[in-house]
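Peer 1: 3D, please:
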Amino acid sequence: MTTPAEPGSSSSAPEWWIFHGTGQPRAHFDVDTRLPPPPRWRVYGGGTDPGGTDGESVLYDPGPQASRTGTDSERHLGPVRLWSTPVPLGPHRRRLLDKVNAAICLRRPLLLVGPPGVGKSSLAHQIARELGLGRVLRWSVTSRSTVADGLYTYDPLTQIHDLNLENARRRAVGGPDRRYARVGGAEAHLRSSAESIGRYLTLGPLGTAFLPTRSPRVLLIDDFDLGDFDLPGDLLDLFENGGYDVPELGRLANVAETIRVATDDPGRTAVVRRGSVLCSAFPITVLTCNDDRDLPPAFLRRCIPVHMGLPDEDELIAAVAGHFDGDPPPGTRSLVIEFLNRSADGQTLAVDQLLNAVHLVGAMGGEQGEPGPEQVRHLSDLLWHRLTETPG
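Peer 2: Residues are numbered from 1 along each chain as shown. From the prediction side, this is the model:
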């Protein structure tokens, strides 16, 4: 019988590792003190008030909802447990965790390449939960995605509509026409109008991740291979500069130096100064690709690439156990072995297909205990269709 270990602990993990790959919170772990300082060429200095006399910190507060992992991470990892069984560090897993920790320490994006369903997206949620970095900011890429869309969205049509309604209301009640107000009043009105743009501009997951924060956020850029040809080059500029400009706000800097806008975190707003955003802690960025897409050398040399395959038997059992409060139904190991055998024979299978079979075994088994080989084979044929074959 294996003695449960405290989440995050691993006797065989190198001391320099920040992330141990458990997917469970680390007790008494403070990422701000444990994370080594970044290389000098990855320091950006966001979050310092340029107009302050004492270098006052102006950091974005993501709030309590974003500061803790939620249902999204639970769907990927299962609920948080007080104890977890440590997963043996085989050569493939050790190589993966080496790469992940190198990306975290060097403040470089982690590029995960592998077939669908092997746990690439789940890795981002494991990092966020184990290191206590809260909600994962997820940008799902499609063929129509642009970096600008991920940074922020602006709705000028709604703004014009609201302005027209406001003008109509003023005329109806006989209010003064601000266009002919005195100079001081006109300037105040212009400043108020400029600040109101924040109600129509919202930072996306990409833009929110690069706000100046005390601790780095975890940014998941999912299905990166679906993006168009120009996407890697546009992202490279953001990754190298550690920030971006919002032209719609920059044009108003002379009348409103700071403008408050909504963010991707529910109910939270951030202050943007002079239309420019610069990070203070480079986000822990995970990019997922489902195939070996040809990427520009300039982009690849600035990432930490790693190829992910299916986990081994012990890792799969630990992953399944996480979704069943640490106690998977009887027959889980038999299903895992059958799953790995079929995968080795060339079938393209995903981990969520395995979870479906385990859940169904638990629902069908009741008090019957371990399922027999025929039942395992029946469920395998029922649920484990090839991802590359014609549906049905």
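Peer 1: so how far is Pro283 from the residue lying closest to Pro38 once chain neighbours are set aside?
Peer 2: Once flanking residues are discounted, Pro38 sits nearest to Arg107: 4.7 Å by C-beta to C-beta, 6 or more residues apart in numbering. (Each C-beta comes from the backbone N, C-alpha and C, glycine too.) To Pro283, Arg107 is 9 Å away according to C-beta to C-beta, to the nearest Å.
Peer 1: secondary structure element for Leu287?
Peer 2: strand 284-289 (DSSP states H and E).
Peer 1: can you give me the buried ones in that strand?
Peer 2: For strand 284-289, a neighbour-count test (16 or more other C-beta atoms under 10 Å) marks 284-289 as buried.
Peer 1: who touches that strand?
Peer 2: With C-beta atoms under 8 Å, 6 or more residues apart in numbering as the test, strand 284-289 has contacts from 103-104, 109-114, 120-121, 123-124, 127, 133, 209, 216-225, 239, 303.
Peer 1: narrow these to those in strands?
Peer 2: Using DSSP state E, 110-113, 218-222 are the members of the contacts of strand 284-289 that sit in strands.
Peer 1: farthest-separated two in these?
Peer 2: Using C-beta to C-beta, the pair of those lying farthest apart is Val113 and Val218, separated by 18.9 Å.
Peer 1: more crowded one of these two?
Peer 2: Val218 (26 against 19; other C-beta atoms under 10 Å).
Peer 1: which residues does the closest residue to that one other than its chain neighbours contact?
Peer 2: Nearest non-adjacent residue to Val218, counting by C-beta to C-beta, 6+ apart: Ala128, 4.2 Å away. When the contact criterion is C-beta under 8 Å, 6+ apart, the partners of Ala128 are 69, 73, 134-136, 218.
Peer 1: in CSV: the residues you listed, plus distance to Thr142.
Peer 2: Shown next, in CSV, are the contacts of Ala128 (distance: C-beta to C-beta, whole Å):
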residue, distance to Thr142
Thr69, 26
Ser73, 23
Gly134, 26
Arg135, 22
Val136, 19
Val218, 21
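Peer 1: min pLDDT across these, which one?
Peer 2: When the contacts of Ala128 are sorted by pLDDT, the bottom entry is Thr69 at 59.
Peer 1: how far away is Leu355 from Pro115?
Peer 2: Using C-beta to C-beta, we find Leu355 at a distance of 16 Å from Pro115.
Peer 1: and if you look at Asp291?
Peer 2: Asp291 sits 8 Å away from Pro115, going by C-beta to C-beta.
Peer 1: isn't the residue nearest to Pro38 up against Pro37?
Peer 2: No - using C-beta atoms under 8 Å, Arg107 is not in contact with Pro37; the gap is 9.9 Å.
Peer 1: what's around the closest residue to Pro156 other than its chain neighbours, how many residues?
Peer 2: Computed as C-beta to C-beta, 6+ apart, the closest residue to Pro156 that is not its neighbour in sequence is Tyr200, at 6.9 Å. The tally of other residues near Tyr200 (other C-beta under 10 Å) stands at 18.
Peer 1: which residues touch Tyr200?
Peer 2: Per C-beta under 8 Å, 6+ apart, neighbours of Tyr200: 154-156, 158-159.
Peer 1: what of Leu249?
Peer 2: Shown in contact with Leu249 (C-beta under 8 Å, 6+ apart): 197, 201, 259, 261, 272, 274-275.
Peer 1: how about those residues, which pair is most distant?
Peer 2: Leu201 and Arg274 (14.6 Å).
Peer 1: looking at these two, which is more packed in?
Peer 2: With neighbours defined as other C-beta under 10 Å, Leu201 and Arg274 compare such that Leu201 has more, 21 against 17.
Peer 1: for the more buried one, name its beta-bridge partners.
Peer 2: Tyr154 (DSSP bridges).
Peer 1: Val306 too?
Peer 2: Per DSSP bridges, the residues bridged to Val306 are Leu112.
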